[in-house]
Structure formats: structure tokens, C-alpha cells
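Peer 1: A predicted structure for the sequence below; I have some questions about it.
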Amino acid sequence: MQKKDIGLATLVITVGAIVAMVNPRFLSPINLANTANLIGLFGLFSIAEAFVIVTAGIELSIGSVIALLGVIFVDLIASFGVPWPMALAVVLVLSVFIGLLHGWLITRLKLQPFVVTLCGLLIYRGVARFYTNDGTAGFTFGSNFPTLEFLVSGRTAGVPHSVIAFALVAVVAWFLLHRTVFGRHLFAVGKNVEAARYSGINTDRVIIQAYVLCAFLTGISAVFFAMYTRSVQPSSHGNFYELYGIAAAVLGGFSLRGGEGSIVGVVLGVILLQVLQNLVNLLGIPSSLNFAVMGSVILAGVIADTQFSRYREARRQQIAMSALEDSAKR
Amino acid sequence: MTQQAGKHISIELAGITKVYPGAIALNDIAMSIRGGEVVGLIGENGAGKSTLMKIISGAVAPDEGRIVIDGQEASHLTPAGVNQLGIALVHQELNPFSNLDVTANVLLGREMRHGFFGFLDQAAMQEKVAPILEMLGTRFGPRDAVSELSLADQQLLEIARALSINLRLLILDEPTSSLTLSETNRLLEVIRKLRADGVAVLFITHRLAEIADVADRVVVLRDGRNAGELSRSEIDKDTMVRMMIGRDVSQFYEKSDNVAGKPVLEIKALRTSTYPHQSLDLCLRAGEITCLAGLVGAGRTELARAIFGIDRIEGGSIEMDGQPLPGNSVPAAIAAGICLVPEDRKGEGLFLDFAVMENIAMPSHAALARRGFVDAGAVTGLAEESRKKLQIKASGLNRAVAELSGGNQQKVVLAKWLAMNPKLIILDEPTRGIDVGAKAEVYHLMQELAGQGVAILMISSDMEEVIGISDRVAVMCRGRISGILSRTELTEENILRLAVE
């Protein structure tokens, strides 16, 4: 664990403790399970976003992709009677295709990630709304899919399956980012793309892989959300989720300039954001202030972080200076 | 303008010390300069000239020492405050705002306004800029777009910018490095004119002839310390060189008696994307140090980039050991045993915030890994071995490369390639900005590698270095190889003649 992660974990525990003291209902099994479920759902695409941010990129279309793929998933099953494993496969193939498209536009046509994914945000949302005629895509009354529902929204020993999925993805992501050559190359490309090229790294391929990975995880996340809400209202489903993912990654120590961050950090970031949301509900703060609370905490965290690194710089300088004075005395 | 200048400036610096993590930039420096004199500031790359300049111009604060300007101690210098005092700095690296015109660049931050709404007073601004340009004898006018100016003209633009304040001290950082002879002469003329007007000029250059031509006094820095001063009558080239490097030049370079072996790299009719109409032929042999000489912009770096697969080639072939390279890409070049130490060390050679260890292992990760997982033990082993072999001075292999001195950073770049057991190493300006000791180590390493049968291609603009170390020199001029000189033919005149052909 990096120092930053320890700081963040302390913050999560402190906030949790304060909420628990003010309102003991925070620790009730129902509340914990609900909060955990949300952490799992939001965590999946936050990790997805982190893989793109570490390459100094950005993915703004996550919310729209969740809406579009959610609509397609529900509609394939409800209107076309496609078996759900088939529908899942279609959604995942589509998500990989979206990732490839973004990666291709960014590396081959040299478009800026912000522009590409902003256009994606608008296009996918629009297509989703057109597809359903701005109506809601939902399952027909009385239909149920026991296996799918158990897998995606069920619980084992009281633990929501979204949390288990999130934990599995987080562990795999941790190994991928921090222990594999691919992970090193992601950091290298994000920190200095020129030096990465000069080191023989196929930078275009690494960047495309990051966008594909991001889109694939978003596709999984889309299925979880579709089954969580059971019906997809394409004009509002997944709104602002990309910003939520970016916020979690930034809180978790990812720099938007790329080349920095840890999976432990983004996991803690997701937890903190959900606990904060829970705090707003439990402490009787008007829920309209939800975003304001979240924004203030992120801002405070980022300010604390930059102040801390300035202090570190100054200390480095001081050490160098005193070393010089010592050598002068000798 | 200079005519309105107040009283002559006088600056005293005493005990100036500036420390960066991992490097002492300046150690107890003293110097002074007064209105109406031209002082040359010389020293090797990394001697501390730039840092000293940044301190005088307020861009960097010293850790210790006193700066006295006009008899008043100046404690907190800022770039804006320094401008108020009549001090202006012309940077070596030019970065004008190419989206603005000449007038806007010259008066940037000091725009004139008129009227109630404070709109820009274009006419008054141009009126102010025009006479300055006239005095400098520029070929461009106040309304011209900066994006279309040549490097030399951009240099003059920067000087015009300096002259547009109430100038009392002008600091020029290697202003002539991109100028032609006639442009240089015009600039020296301007310097003399400013001196006659009572302006102090601090002139930093590597071209010692210019110093001898125009300076009243020379201050020499070496490894961040004062290495002495020369008055007008004492200025001569050999003395300056000796003071700069602290020993005689002849001891500095070692020539080995390596015998050139079989051809390693053969380039046939290669056309680079920068000069698509020139075709290049070159053969590099095992154990031979070949140098690419030529002026800036002759296409040397572009050739290196093409061989290494960074730039797409337009035609021709590159063969390693008689086999054509499979594809024109960096991974293919590395697989064939080619590596490149780039000119821009910080931008292209290193990940400054990453650990020394991580930098050394970057190209080797794939080879060291087990089933795609990073082998931490092997990475540490490799880094430790490189540190011993190249004597990299770092307080720990986990420290960021940014904390190392220039010379040690260059050793890290070299280390990451030596781990790949290359057959050909291309070094682009390998000793730029590193201190004398590290320079000698780099030369020694090159000789050692050549002795082991590695082919070496070095790009260098430092004549002494070119003549001192190479077995063979290929001179480039406007995209083509204008001649190849063997060791016996190596003289500065021969190289220059081919370079400007």
C-alpha cells in the first residue's frame, strides 16, 4: 500500500466512524448491504475509468455506454426473446467494439481522448433514446430469469454479488496494473509517451488495449445496472457516471496527467464516495446537497495532496542543502 | 529604450549557492557587473551558467548568498521585479508566441491601452516597437506574424523584447548558436552599441571567438564554482579552455586501436521523411566509432530516428548483419540489436518521476518477465548490476531519476540499453549538459563497447569531441552525407567545409 492509500483509508474509516456515531443506523445490516451493493456497482466502472486515466487519457462516455448497452441487453431479452447468455455475449462484444473504436480514433487518427469520448457520450445517449423512442426498456410483467438474477443481483451469505464481482475485478486489476509488464507499460505510456516509444513499447497498442479494457468492464457494469434497476430509462440511466468514475480515480491518487495511481486507491475512492452519499441521507442533509458534499470532499482531498507533495519537495531541498553544509565542514 | 536609461546598473553577487536534490548547481559563486561593460560567462555544460542566469533574472531563488543591485540588497527577486530594475534575459531556447504578431510579442505583458474600455492601442504599440526593430536592423516589421520568422529572426525578436524595457542589464544565453555568421556579426554590433549607451551585457556562449571579440572581462565557472576571471588583455582561447575544463584538452580523449570488424549496419539508398529527396548510404562496422557531424538541421537526428524506427522511412533499406530489418518500427530495431540514446534526455530518454530501477528495466521488462508478470528480483538484479558497472551515483535505486545529476541520468539511459546487449548503439549528443567527469566516463564506456565489438554511431555538434573520439566521421549537409573522413583527415576545417558545402 502506498502512503496515499493509507491516508485515504484513514479518511474512509474516520468518515464512517463519525456517521456511525451520529446515526447508528449506518451499521445496520440493511444499510451496510445496500451501501456495499452500490459500492460494487459503481466500483466496476470506476476501475474501468482508472485504466484509461493512467495512460493520460479520459473516458467520458461511460454513462452513455451503460445506458445504450443496458437498453440493448433488456430489449434483446424482453422483445426478441434472446436467451440471456446470448444477450450478455452481444453486449460484451459491442463494448469491445466501442473500446476498439475509441482507441483507434485516438491513436491512429490522433484525436484527443476528451473529444473522442465526449462525442461518444452524446452519440451513445442519443442512439439509446432513439432506439426506444425515448421510452423505457423494461422486462415484460411477470417475467423472471432466476439464474441471471441470482448471478447479478443475488446475495451469498448476505453479501451482494455486485460486491463479489467488484472484489474479483479489483484483484485481477491490481495484478494487471501493478504486477504485469502490461501494467508497467500503461504507467510508462501515461507518464511519458515519447520515452515509452523510445524504449521500444508499442504505445498505440497499449493505449488501444486500455480503452478496450475500460469499455469491456463498462459493458459488464451495464448488465449489472440494467438488472439493478430492472428497467432502463435511456434519458437518465447512467447520467454522470463517467464523472463519478473520474472522481473516484482522482480521489484514489490517479493523476489526470497520467502515469500515477493505484487500484487500492480507486477502490477506497469508490468506498468513500458511497459512504459520503450515505452520510448525506443518514445525517438528514438535504439530498439536493449530495453533489456539493461530494465535490467539496474531493476538492479538499486534492488540495491536501498537493500541499503534501510541496512539503515533500521542500524537505528534499532541505536535506540536499544540509548535506552540502556537512561536506563543507569536513 | 536605452536613451532614457537611468543611471548605470551595478550588481554584486556574493556566496550564491543553489542546491537541487541530487546535484549542487552553484557553490559559493561571486561575480559582479557594471553598466557599460560586456562580461562573458563561460563554462562547460552543467557548470552552472544557466542556474546563475536564472537567479539574476529572478526565475530561481538562491538557497544562500547575497545579491546587491545599485547598492541595495535585493532579497526577493521576481521576473517582473527584475524587469522593473531594467534587467532582461534572452533565453537560449526561444519560445515566442507564434499565434501573435511581432508587436504583441515584444510588448507582451506591457500592452498599451487607450479609451474608456481599455482597448489595445495598436498604433502606439507599433510606434514604440518600430524604432527598436530599426536599430536591430531586422528584416521583419512590427506587424509580421511570428510564426513565419526564422530562428535567427526569433532571436532578434527576443532581443527587441529586452530592449523595449528601460534596459540596464542584458543577459544573453547562447544567442548565436542558431545564427549565421553575418547575423552573429550584426548581433555583436548591437552589443557594442548597447555598451556605448552604458548598458551592461552578460554574454553566455560556447563560441569562444565571440567572447574574445566583444568581452571586456570573462568569468569562468566550473562544476558550480568560480574557476577564475580574465581581464581584456588575458583573454585567449587556450587559457579559457583550460580554465573551463580544469586540465589540458589532450588528456581528455583516449583513442583506442580498435580494428573495425565486419559490417553491422548497412543503409542503402535510405530516404527519411524529413528529406525525402536525398538518399543516404552508410555502413557501420563492429568495433568502430563513427561520428555524424554537421550543422543543426542537417538531418542527423532524423537519420538516427529513421534507423531506430521512430520515423517512417520513405524508401531504401536498412540491413543488420546482412538481414533487412523486418518492418520499420522501434520494437523491430531493438530486436535486431539497435538502440538509441536520444538527444532529448528528459523528454525521450527517461521517465523522470519513475525510480532509477524502473527506468533501467523499462525495455527489458518483457524479456525478464515470467508469463507476463514482472520479475521484481530480476529487475532489482539488473539495476544493481548496472549501477556497479556504470558507477551510477544515486542514493537508492528506488529514488526518482529526476533527483540525479545530468551525467548520472545519462548513465541510466545508457544502462537501460546495455542490458539489451546491443550490436549497434546510436548516441545523439550524448554529452550535452553533463559534467566533465561524467563526460570522460561516457567516452571511456564508448571505447570499451567498441572494444567488445559493438558498432557505435555518435551524433555530436562538439567539434573537439568529434575529432577527439571518432574513428571515422560522416559529415551531413542538408539531408545528405556530403563526405566521410578517416581518422587521418580529421580537422575542424575539413569537417566544416563538408558541413556547409
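Peer 2: Right, received. Where do you want to start? Numbers count the residues shown, from 1 in each chain, chains lettered A, B, ... in the order given.
Peer 1: what about residue B:243, how many neighbours?
Peer 2: Residues near residue B:243, counting by other C-beta atoms under 10 Å in any protein chain shown, number 19. Glycine gets a C-beta too; all of them are placed from N, C-alpha and C.
Peer 1: you'd agree it is in a strand?
Peer 2: No: read with DSSP: H, G, I helix; E, B strand; the rest coil, residue B:243 is helix and lies in no strand.
Peer 1: please name the nearest non-neighbouring residue to it.
Peer 2: Nearest residue to residue B:243, sequence neighbours excluded (C-beta to C-beta, 6 or more residues apart in numbering or on different chains): residue B:220, at 4.3 Å.
Peer 1: my guess is residue B:92 meets residue B:174, correct?
Peer 2: Yes: counting by C-beta atoms under 8 Å, residue B:92 touches residue B:174, with 4.4 Å between them.
Peer 1: where do the contact lists of those two overlap?
Peer 2: Listed contacts common to residue B:92 and residue B:174 are residue B:204; contacts here mean C-beta atoms under 8 Å, 6 or more residues apart in numbering or on different chains.
Peer 1: what mean pLDDT does stretch B:278-288 have?
Peer 2: With pLDDT averaged residue by residue, stretch B:278-288 scores 92.
Peer 1: what's the span of it from first residue to last?
Peer 2: 25 Å (C-alpha to C-alpha, to the nearest Å).
Peer 1: picking up where we left off before, SS state for the residue nearest to residue B:243?
Peer 2: With three-state DSSP as the basis, residue B:220 sits in strand.
Peer 1: contacting residues around it?
Peer 2: Listed by C-beta under 8 Å, 6+ apart, the contact set of residue B:220 reads B:42, B:43, B:226, B:227, B:228, B:229, B:230, B:240, B:243, B:244.
Peer 1: you'd agree the first one is in a strand?
Peer 2: I take that to be residue B:42. Yes: assessed with three-state DSSP, residue B:42 lies in a strand.
Peer 1: my guess is residue B:412 contacts residue B:392. True?
Peer 2: Yes: at 6.3 Å, residue B:412 and residue B:392 qualify as touching, with contact defined as C-beta under 8 Å.
Peer 1: which residues do those two both contact?
Peer 2: In contact with both residue B:412 and residue B:392: B:356, B:404, using C-beta under 8 Å, 6+ apart.
Peer 1: hang on, isn't residue A:121 packed against residue A:58?
Peer 2: No: using C-beta under 8 Å, residue A:121 is not in contact with residue A:58, being 10.9 Å away.
Peer 1: neighbour-wise, which of these two wins?
Peer 2: residue A:58 (21 against 18).
Peer 1: surely residue B:476 is in a helix?
Peer 2: No: going by three-state DSSP, the assignment for residue B:476 is strand, not a helix.
Peer 1: look up how far residue A:294 lies from it.
Peer 2: Separation of residue B:476 from residue A:294 (C-beta to C-beta, to the nearest Å) stands at 59 Å.
Peer 1: of the two, who's got more company?
Peer 2: Just comparing residue B:476 and residue A:294: by other C-beta under 10 Å the higher neighbour count belongs to residue B:476, 26 against 19.
Peer 1: what's the closest non-adjacent residue to the more buried one?
Peer 2: residue B:294 (3.8 Å).
Peer 1: and for that neighbour, the neighbour number?
Peer 2: When neighbours are defined as other C-beta under 10 Å, residue B:294 has 29 of them.
Peer 1: contacting residues around it?
Peer 2: B:300, B:475, B:476, B:477, B:482, B:499.
Peer 1: is the residue in the stretch 201-350 of chain B that chain A sits nearest to in a helix, a strand, or coil?
Peer 2: Using C-beta to the nearest C-beta, the point where the stretch 201-350 of chain B gets nearest to chain A is residue B:334, with a distance of 4.2 Å. Using three-state DSSP, the structure places residue B:334 in helix.
Peer 1: with adjacent residues omitted, what lies nearest to residue B:431?
Peer 2: Once flanking residues are discounted, residue B:431 sits nearest to residue B:439: 4.7 Å by C-beta to C-beta, 6+ apart.
Peer 1: one step back: now the common contact residues for residue A:121 and residue A:58.
Peer 2: Joint contacts of residue A:121 and residue A:58 (C-beta under 8 Å, 6+ apart) do not exist.
Peer 1: write out the residues of chain A neighbouring chain B.
Peer 2: A:175, A:179-185, A:187-188, A:191-192, A:194-202, A:259-260, A:316-317, A:319-321, A:324 (C-beta under 8 Å from any C-beta of the partner chain).
Peer 1: buried among these? Need that as a selection in ChimeraX.
Peer 2: To isolate the buried subset of the residues of chain A next to chain B in ChimeraX, counting by 16 or more other C-beta atoms under 10 Å in any protein chain shown, use the following:
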select /A:180,181,182,183,184,185,187,188,191,192,195,196,197,198,199,200,201,202,259,260,316,320,321,324
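Peer 1: in helices, which of the residues of chain A next to chain B fall?
Peer 2: Applying DSSP state H to the residues of chain A next to chain B, the entries found in helices are A:175, A:179, A:181-185, A:187-188, A:191, A:194-198, A:316-317, A:319-321, A:324.
Peer 1: can you give the domain ranges for chain B?
Peer 2: B:2-96+B:149-246, B:251-337+B:422-500, B:355-416 (automatic domain parsing).
Peer 1: so is the shortest one next to chain A?
Peer 2: Spelled out, that is domain B:355-416. Yes: Domain B:355-416 reaches chain A (C-beta under 8 Å from any C-beta) through B:358, B:362, B:363, B:365, B:366, B:369, B:372, B:373, B:374, B:403, B:416.
Peer 1: just the buried residues of the residues you listed.
Peer 2: Buried members of these, scored by 16+ other C-beta under 10 Å, are B:358, B:362, B:363, B:365, B:366, B:369, B:374, B:403, B:416.
Peer 1: can you redo these as a markdown table with pLDDT and secondary structure?
Peer 2: A markdown table is the format used below for these (pLDDT from 0 to 100; DSSP: H, G, I helix; E, B strand; the rest coil):
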| residue | pLDDT | secondary structure |
| --- | --- | --- |
| B:358 | 94 | helix |
| B:362 | 93 | helix |
| B:363 | 92 | helix |
| B:365 | 90 | helix |
| B:366 | 87 | helix |
| B:369 | 89 | coil |
| B:374 | 92 | coil |
| B:403 | 78 | helix |
| B:416 | 93 | helix |
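Peer 1: who touches the closest residue to residue B:200 other than its chain neighbours in this structure?
Peer 2: In space, residue B:200 comes closest to residue B:169 once its chain neighbours are excluded; the distance is 4.5 Å by C-beta to C-beta, 6+ apart. Counting by C-beta under 8 Å, 6+ apart, residue B:169 touches B:9, B:11, B:33, B:35, B:56, B:86, B:87, B:88, B:199, B:200, B:201, B:202.
Peer 1: the helix or strand harbouring residue B:187 packs against which elements?
Peer 2: For residue B:187, the element it lies in under DSSP states H and E is helix B:181-196. Identification of packing neighbours for helix B:181-196 by 3 or more C-beta pairs under 8 Å, 6 or more residues apart in numbering or on different chains; DSSP states H and E yields strand B:38-43, helix B:122-136, helix B:151-163, strand B:200-204, helix B:208-214.
Peer 1: domain-wise, how is chain A divided?
Peer 2: As assigned by automatic domain parsing, chain A contains the domains A:3-285, A:289-330.
Peer 1: and the ones you listed, which is most packed in?
Peer 2: Using mean count of other C-beta atoms under 10 Å in any protein chain shown, the stretch among the domains of chain A with the largest mean neighbour count is domain A:3-285, at a mean of 20.
Peer 1: circling back: can you give me the angle the helix holding residue B:187 makes with helix B:122-136?
Peer 2: When axes from the mean of the first three to the mean of the last three C-alpha atoms, to 10 degrees is applied, the directions of helix B:181-196 and helix B:122-136 differ by 100 degrees.
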